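# pasted the sequence and its predicted model underneath.
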2 protein chains.
Amino acid sequence: MAQTVGAGSLLIAWQLKDKRVLIVGGGEVASQRIDSLLTTDAKIIVVSPSDGLNPRTKRFMDEYPDRITYHDRPFSGPEELEGMDMVLTALDDVELSRNICNVSRNARIAINAADIPDSCDFYFGSQIRDGPLQIMISTNGNGPRMANLVKKKLQGALSGLEGTTITKVGKLREQLKVRASGVGGDLGKRRMKWMTGVCNAWEMEDLASLDDALIQKLLDEGWENDRVPTFSELGGRPKANLKSAAAASSFTISPAIGFVAGVMCTLLVVLARRK
Amino acid sequence: MAQTVGAGSLLIAWQLKDKRVLIVGGGEVASQRIDSLLTTDAKIIVVSPSDGLNPRTKRFMDEYPDRITYHDRPFSGPEELEGMDMVLTALDDVELSRNICNVSRNARIAINAADIPDSCDFYFGSQIRDGPLQIMISTNGNGPRMANLVKKKLQGALSGLEGTTITKVGKLREQLKVRASGVGGDLGKRRMKWMTGVCNAWEMEDLASLDDALIQKLLDEGWENDRVPTFSELGGRPKANLKSAAAASSFTISPAIGFVAGVMCTLLVVLARRK
C-alpha cells in the first residue's frame, strides 16, 4: 500500500502569496532562505545587524527592494513576530534561535530554525524549478550534500520541455473549466478523466505546442464529443522526438558497423584462402 | 540569482511526529491523503460516514489501526478541529469545505481543501520515496497528471542506491557529531566542509558500502587528520557499477550480433557462388 511507512516528512508546496515571512539573521543560510522565498510571492522581512550580512544577502536586497524589507538591528524581542505568517532563523546563537522557536510555536507561526532540526516545523531541501514545475529533494535531515547529488541526477533526466508543457496543459485545463464550469461532483470527475486521457495520449512535445487555436480545436472536437483526438487529427505537425531519434540511431549504427566488419573480415579470410 | 522569481510555492518537508491530522471525508482523495500521511509519524483522524468510505480508505484503516482513528459520522462542527495540528478536507460539498477552511484559518491550523486551491495553505504533489530520500513534484496547481509524467521520468534516473547511500552518509554524519559535538559555529562549519569533501570525492556505490568499521576508519584517518582519504586507501573494494556495466554490454552485444550476421551472410554468398 504506502511505499514506506513512518519516519518521513509530509512534502508540501506552501502558499505564500501576500504572506509575511521573517528571517532573523543575514549570513549564508539567510541568503539561501531569501533565494527560496523569492520563487514565491512572499513579503520578506530581514532582521540582522548590517555587519552580519553576507554579500549574496546584500545583492538580493539591492535587486529586490520591493520584495525585501530590511531592519538593520539585532532581533529585539517577541514583538518582532507580530503579523508574521512564517519565521526562519539563520543564527549562530543557538540559545536565541531556540527562544524564537518557542515564541513562534506559542503564537502558532510556522518556524524553521537552521541547524536545530528538533525545533523545526519543517525542513528545506534541494530544489529544481522550471516555470510552474518545482521539484524538491529531501533527505529528511540526512545531509544536504546528498540532496544535491540526487538533484544533479534528476536534472539530467529532464528535457527542458517540462515547464512549457505544464504551462500549456494548465491553459487547456483553464479553458476547459470555462466551457464546463463548476467545482467538484460528476462534472469535475469527467473533466479530470478527459484531461488524463489527453495527457496520456499526446506526447510531451505535442502538448508543448498547444496554442490558443489548437486548444479551442481540441475542446471543440474532443471535449464536446467526449473523446480524445490525436495530435495529427487536429492538424498538429509531428515534430522529431530528439531523445528517441538519438536512441534509435545508437541502436542501428552499432549493429551496422558490426555487420560491415563481419563482411570484411570474412571476405579477407576467404580471399586469403583463395590465393 | 534566483532561477525564476515569483508565482511559485515554498516546497518544504513538514514534520508531523506526534502531530494530529484531521481528514474530513473518506473517498478517493481521502485515501491519497492517508497514503501521504502514513509516510510520516502523524496521528491520523478520519471523520466520514461509513457509506462514504472508499475501499482503499477502508484497507488503510484495517491495516494501520494504531495510526488511524476513525469516527463514523458527518463533520459535526468547529469543535472537531480542537487539538488538531493540520486539517485536510476531501469532500464533494464545497460549501462545507470552505467553512472548515475558515474555521481552520482562524484557529491558525494549516489547511488543505481538495479542489479549492484558493482556500489552501499548501498543495500536495506527486511523491517518490526511497527510505530517507523523498522527492516531491509540484506543478503549482497546473495538473496532477503532468506531475505524474515528470515523476516517471525522474524515477528512471534513479539507480535505487540513493536511499541506502543517504542512510549510510547520515550514520557517518551522526558518528562525526559524536566525535566533534556542538551546534553551529566554526566546528559546525568544519564538519560540514569535511562531509561535503567526502560526498564529492567518493562514488555513490562507495558511500553505500559504509559500514560501522569503515565509518570509524574514515573518521580516524580522515577527520582526525583533516583530509579526505580515497575509498580504496581505506581498503574498500571497488564494486562494479551496475548501470555502467549494463550500458557497456548493450554497446558490445549489438555490434557483436552485427559482426556474426556479417560473417554468416558473407559465408552464405561465398558458399553459394562456389557450387
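Thanks, I have it. Numbering: from 1, shown residues only, chains lettered A, B, ... in the order given.

# give me the number of residues near residue A:58?
14 (other C-beta atoms under 10 Å in any protein chain shown). C-beta coordinates here come from the backbone N, C-alpha and C atoms, glycine included.

# helix, strand or coil for the residue most central in space within chain A?
Nearest residue to the geometric centre of chain A (C-alpha atoms, centre = their mean): residue A:134, 1.1 Å. Using DSSP: H, G, I helix; E, B strand; the rest coil, the secondary structure recorded for residue A:134 is strand.

# wait, it sits on residue B:135?
No. The pair residue A:134 / residue B:135 is not scored as a contact, 11.3 Å apart, by C-beta atoms under 8 Å.

# relative to residue B:263, how far out is whichever residue of chain A sits closest to chain B?
Ranked by C-beta to the nearest C-beta, the top residue of chain A for proximity to chain B is residue A:262, at 2.0 Å. Distance, residue A:262 to residue B:263, using C-beta to C-beta, to the nearest Å: 4 Å.

# still on that earlier bit, please settle this for me: is the residue of chain A closest to chain B part of a helix?
Yes. Assigned with three-state DSSP, residue A:262 falls within a helix.

# excluding chain neighbours, what is closest to it?
residue B:262 (2.0 Å; C-beta to C-beta, 6 or more residues apart in numbering or on different chains).

# that neighbour: how many residues sit nearby?
Residue B:262: 24 neighbours (other C-beta under 10 Å).

# shaky segments in the stretch 101-250 of chain A?
A:184, A:238-250 (pLDDT under 70).

# strands along that one, start to end?
When assigned using DSSP state E, counting those that start in this stretch, the strands of the stretch 101-250 of chain A occupy the ranges A:110-113, A:122-123, A:126-130, A:133-138.

# hey, which of those strands is tucked in deepest?
strand A:133-138 (a mean of 26; mean count of other C-beta atoms under 10 Å in any protein chain shown).

# what is that one packed up against?
strand A:10-14, strand A:126-130, helix A:144-157, helix A:162-179, strand B:10-14, strand B:133-138, helix B:144-157 (3 or more C-beta pairs under 8 Å, 6 or more residues apart in numbering or on different chains; DSSP states H and E).

# what about 7 Å?
If contacts are counted by 3 or more C-beta pairs under 7 Å, 6 or more residues apart in numbering or on different chains; DSSP states H and E, strand A:133-138 sits against strand A:10-14, strand A:126-130, helix A:144-157, helix A:162-179, strand B:10-14, strand B:133-138.

# so what strands line up beside the last one?
Looking back up the chat, that one is strand B:133-138. strand A:133-138 (antiparallel), strand B:126-130 (antiparallel) (DSSP bridges).

# mind checking the end-to-end distance for stretch A:32-45?
Using C-alpha to C-alpha, to the nearest Å, the end-to-end distance of stretch A:32-45 comes out at 14 Å.

# so what touches it?
A:16-23, A:57, A:60, A:64, A:67-69, A:88, A:90, A:124, A:127, A:129, B:2, B:4-10 (C-beta atoms under 7 Å, 6 or more residues apart in numbering or on different chains).

# just the buried members of these?
The neighbour-count test (16 or more other C-beta atoms under 10 Å in any protein chain shown) marks A:16, A:19-23, A:57, A:60, A:64, A:67-68, A:88, A:90, A:124, A:127, A:129, B:2, B:8-10 as buried among the contacts of stretch A:32-45.

# near the residue lying closest to residue A:78 once chain neighbours are set aside, how many other residues are there?
If you skip the residues right next to it in sequence, residue A:78 has residue A:103 as its closest partner in space, 4.7 Å away by C-beta to C-beta, 6+ apart. Residues near residue A:103, counting by other C-beta under 10 Å, number 16.

# now residue A:103: how far from residue A:144?
Distance from residue A:103 to residue A:144, by C-beta to C-beta: 27 Å.

# same deal with residue A:133?
Taking C-beta to C-beta, one finds residue A:133 at 22 Å from residue A:144.
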